[in-house]
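How does the following fold in three dimensions:
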Amino acid sequence: PPPPLPPVTFFVGPDGRRCHLGAGSNPHRRRLPPALQAEASEAEGEGGDALVERRLARRGYFPMSDAGAERHLLVLAPPAPPAPQS
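Modelled structure (predicted):
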């Protein structure tokens, strides 16, 4: 099986909804507002993740981490024919 994906940090905003930092490739993910994106990028360069989290928390966006995800492939095969009865 493929290895589990690493945990991802996301933020819960003042409205109680999940949003993500960064652009990423998923167009369906809600992002932080552009002004907060810029502030977070600046904070990351100055002091890393802890500073980003503190600055966003002051604005009502609190960090959460998911537990990571595992993706499994389910292979479906047709059922075996019944055994002949004697």
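
Against which helices or strands is the regular element (helix or strand) spanning residue 36 packed?
Element membership for residue 36, per DSSP states H and E: helix 34-58. For helix 34-58, the elements it packs on are strand 62-65, judged by 3 or more C-beta pairs under 8 Å, 6 or more residues apart in numbering; DSSP states H and E. All C-beta atoms are positioned from the backbone trio N, CA, C, and that covers glycine.

So what are the sheet partners of the strand it packs on and their directions?
Sheet pairing here is set by DSSP bridges, and for strand 62-65 it gives strand 9-12 (antiparallel).

For the helix holding residue 36, which residues meet the burial criterion?
Residues of helix 34-58 classed as buried: 36, 39-40, 43, 52-53, 55-56 (neighbour count, 16 or more other C-beta atoms under 10 Å).

quick check, nearest of those residues to residue 84?
residue 53 (65.9 Å; C-beta to C-beta).

quick one: that closest one from residue 37, how far?
For residue 53, the distance to residue 37 equals 14 Å [C-beta to C-beta, to the nearest Å].

Residue 66 too?
Computed as C-beta to C-beta, the residue 66 to residue 37 distance reads 20 Å.

now do residue 44
When distances are taken as C-beta to C-beta, residue 44 and residue 37 turn out to be 11 Å apart.

What ranges in the chain fall below the confidence cut-off?
1-2, 23-24, 67-77 (pLDDT under 70).

Residue 17 against residue 30, yeah?
Yes: with contact defined as C-beta atoms under 8 Å, residue 17 reaches residue 30; the gap is 6.5 Å.

The helix holding residue 36: how far from the chain's middle?
Per C-alpha atoms, centre = their mean, to the nearest Å, the displacement of helix 34-58 from the mean C-alpha position of its chain is 18 Å.

Next up, the contacts around residue 36.
Counting by C-beta atoms under 8 Å, 6 or more residues apart in numbering, residue 36 touches 56, 59, 61.
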